[in-house]
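Q: need a 3D model of the sequence below.
(chains A and B)
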Amino acid sequence: MDFTSLTFTDVSKNFQRRRALNKVSLRCEAGEIVALLGPNGAGKSTLLSITATLLEPSSGEVRYGDRLARSSGPELRGRIGLLGHDLYLYPELTAEENLQFFGRVYRLPDLSNRIEAALARAQLTDRRGDLVSGFSRGMRQRLALERALLHQPRLALLDEPFTGLDDAATAALRRRLATLRETGTIVLLTTHDLETIDGLIDRAVLLHNGRLVAIESGEGSLRDRYRRLTAVGT
Amino acid sequence: MTFLQTVWLVTRKDILIEARSREIFFTTLFFAVSCVLVFAFGFVREGKPVEDAAAGILWIAIAFSGTLALGRAFERERQSETLRALLIAPISRPALYVGKLVGVLMLLAVVELIVVPLVAVMFQAALFEHALLMLGLLVTGTIGFCAVGTLFAAMLVRARSRDVLLPVLLYPITIPVIIAGVRGTAALLQADVDLPMARAWLSMLVFFDVMFITLALWTFEPVMTE
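A: Numbers count the residues shown, from 1 in each chain, chains lettered A, B, ... in the order given. Here you go, the predicted model:
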C-alpha cells in the first residue's frame, strides 16, 4: 500500500487520568517536512508512537491516505520508518549485522547494495564490523537513522534526530532530510534544536499540554516565534 | 515474508546475540545447577534421596531458571527499545512471538542437557530408563511453561516492576504444567514404574501446550499494541 498524506483528526490519548493529547488535528502531505515542537512531556513522542501504530488513540483517528492503521496492518507498517530516542539498535550486533537484520525483516531487495550505501551515508563503512556497543552516541545516531530509512519509507518519524551529532553530521542530516522531501517522503520530526531546522522545515507545530497549535511563518526566527507561543501558552 | 522465515530471523538473531555474550546461558545454568545442589544437600540423607524429590527438584530448577531466561531475553529488547522496531516492522506479530519463544526454548534445552544428568546423579534418579517418555515430558513441559512466559515477559517489558511481576503472574498460570511435569516424571522414577500414568500426564502437557500457544498467538498482537 502507498499513501500521499497523513491526517490526524481529533486525536486524543489518555494515560489513566492524564490526558497526553487533546483533540490533535493535523494534515501532512508527501514531500513535506513538519516539525513537532514542544517542551518535554508535551506529548510529542506519544503522537509519534500513535502515528507509528504502536499506540492506539483513545479517541479520534489517524488516516494514511484514506486508510486507517487498523485496516492496513503490516503493509502500512512497511511504509513507516521510525527513529526513536532509544535508537532501536542491538548493541551486541555489528553495524552491518543490525542493517542486515532489519533489511531482512523488511524483505528488501538488493540488500547488500542498500547496506553499502547506508554505511557510507552514516560514515561507518570502515567500522561496519564493529559492535554497536563500542560506538559513540553520534555514531549510533547516524546508524539508527540509516536503519530507520533503509526501506525508503513513505512516512519518516524522527524523534530528536539531531541528538549527539557533530556539525558535519548535522549538515549531512539536513541534506538527507532535503533529499527525503524531494523523493516525496512525509517527514514528521521532533527536536529542540530549533536553529538547526530553521529554514529546512516546511511547517512547525507546537504541542503544548496535549494541544496542537500551528507556528505561523512570520517575523523573527523559529526560536523567537516558538518562545512567543509557549509564553502565551503558559 | 512467510511466518516461518520471520520466526527463523528472530530466533537466529537471538542465538547470535547469546552466542556472543553468553550472558543468559551462564546465569540460567548457574542458577539451575545451584538450585539442584542446594536441594541435594537438603533431600539426600546418608546417600538416600527422599522419595519423589528428584522429580520436584528437576521441575523447580527448570521453572526458576526458565523465569530468569525469559526475563533477560526481553530485557535485551527493552534496553534499546528494539522491540518497538520489531513491532512496527511489516512482519506477523505472532511470528515475532514464536521467534522469541523458540530462542528461549533452545537456550533452556541446552541448560536441561546439563541439569537433567546432574539431577540423575545427585538423586540417583533413573531419568534415562524411559528416555523417550522423559524427553517427551521435558519438551512439552518446557514448551508449556515458556509459551505463557514469553507472552507475559513481552507484556511486562515496559512495566517498572517486571522482575517481580513476571513470576507472580507466571507461576499461578503454569502450575498445571509444573504439576503435570512433576507427576509424569515421578511416575517414571518410582520403584514400580507407572508408564500409563506418565503417558496420561504427557497427554495433559500436550493439551496445555496447544491451549497456551493458541491463546498466546491470539492475544500477542492486541497486548503488544499499548
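
Q: which pLDDT value belongs to residue 187?
A: Since you didn't name a chain, this refers to chain A. If you check A:Val187, the pLDDT there is 96.

Q: the chain in question should be chain B.
A: For B:Ala187, the pLDDT comes out at 94.

Q: now do the phi/psi pair for it.
A: Summarising the backbone geometry of B:Ala187 under the convention degrees, to the nearest 10, its torsions are phi -60, psi -30.

Q: for B:Gln124, same thing?
A: On the backbone of B:Gln124 - angles per degrees, to the nearest 10 - the values are phi 50, psi 50.

Q: what's the neighbour count on residue 187?
A: I went with chain A, as the question did not name one. Residue neighbour count, defined by other Cβ atoms under 10 Å in any protein chain shown, stands at 25 for A:Val187. For the C-beta atoms, the positions are set from N, CA and C on the backbone; glycine is no exception.

Q: not quite, go with chain B.
A: Here the neighbour count serves as a burial measure; for B:Ala187 (other Cβ under 10 Å) it reads 24.

Q: same deal with A:Ala148?
A: Neighbours of A:Ala148 under the rule other Cβ under 10 Å: 24.

Q: is chain A contacted by stretch B:11-22?
A: Yes - residues of stretch B:11-22 are located near chain A by Cβ under 8 Å from any Cβ of the partner chain, namely B:Lys13, B:Leu16, B:Ile17, B:Arg20, B:Ser21.

Q: out of those residues, who's the most crowded?
A: Counting by other Cβ under 10 Å, B:Lys13 has the largest number of neighbours within these, with 24 neighbours.

Q: quick one, what contacts the residue of chain A found nearest chain B?
A: Across chain A, the shortest distance to chain B (Cβ to the nearest Cβ) belongs to A:Gly78, at 3.2 Å. Residues in contact with A:Gly78 (Cβ atoms under 8 Å, 6 or more residues apart in numbering or on different chains) are A:Tyr106, A:His151, A:Pro153, B:Ala89, B:Pro90.

Q: which SSE is the residue nearest to A:Ile215 when sequence neighbours are not counted in?
A: Nearest non-adjacent residue to A:Ile215, counting by Cβ to Cβ, 6 or more residues apart in numbering or on different chains: A:Ala204, 4.2 Å away. Following DSSP states H and E, the helix or strand that holds A:Ala204 is strand A:203-208.

Q: which neighbouring elements make contact with that strand?
A: With contacts defined as 3 or more Cβ pairs under 8 Å, 6 or more residues apart in numbering or on different chains; DSSP states H and E, the packing partners of strand A:203-208 are strand A:18-29, strand A:33-37, strand A:211-215, helix A:222-233.

Q: report the mean per-residue pLDDT for the third one.
A: Put plainly, it is strand A:211-215. If you average the per-residue pLDDT over strand A:211-215, you get 86.

Q: for it, buried residues please.
A: Of the residues in strand A:211-215, those scored as buried under the neighbour-count criterion (16 or more other Cβ atoms under 10 Å in any protein chain shown) are A:Arg211, A:Leu212, A:Ile215.

Q: hmm, back to that, need the winner for burial among the helices and strands packed on strand A:203-208.
A: Comparing the helices and strands packed on strand A:203-208 on average neighbours per residue, with mean count of other Cβ atoms under 10 Å in any protein chain shown, the densest one is strand A:33-37 at a mean of 23.

Q: by how many degrees do that strand and helix A:222-233 diverge?
A: In this structure, strand A:33-37 runs at an angle of 40 degrees to helix A:222-233, with axes from the mean of the first three to the mean of the last three Cα atoms, to 10 degrees as the basis.

Q: strand A:33-37: how far from the chain's middle?
A: The gap between the average C-alpha position of strand A:33-37 and the chain average comes to 9 Å, counting by Cα atoms, centre = their mean, to the nearest Å.

Q: for that strand, list the C-alpha coordinates in PDB.
A: Output for strand A:33-37, consisting of C-alpha atoms alone and laid out as PDB, is shown next (Å, rounded to 0.1, in the frame of the first residue of the first chain):
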ATOM      1  CA  ILE A  33       8.800  18.200   6.500                       C
ATOM      2  CA  VAL A  34       6.800  19.100   9.600                       C
ATOM      3  CA  ALA A  35       8.500  19.800  12.900                       C
ATOM      4  CA  LEU A  36       6.600  18.800  16.000                       C
ATOM      5  CA  LEU A  37       7.900  21.100  18.700                       C
END
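
Q: and that strand, which strands flank it?
A: Looking at strand A:33-37 with DSSP bridges, its partner strands are strand A:186-190 (parallel), strand A:203-208 (parallel).

Q: so after it, what's the next helix or strand?
A: helix A:44-51.

Q: CA atoms of that next one as PDB?
A: In PDB, the C-alpha atoms belonging to helix A:44-51 read as follows (Å, rounded to 0.1, in the frame of the first residue of the first chain):
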ATOM      1  CA  LYS A  44       5.400  14.600  21.000                       C
ATOM      2  CA  SER A  45       6.700  11.100  21.500                       C
ATOM      3  CA  THR A  46       3.100   9.900  22.200                       C
ATOM      4  CA  LEU A  47       1.900  11.400  18.900                       C
ATOM      5  CA  LEU A  48       4.800   9.700  17.100                       C
ATOM      6  CA  SER A  49       4.000   6.400  18.700                       C
ATOM      7  CA  ILE A  50       0.400   6.700  17.600                       C
ATOM      8  CA  THR A  51       1.500   7.600  14.100                       C
END
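
Q: that concludes my questions; thank you for your assistance.
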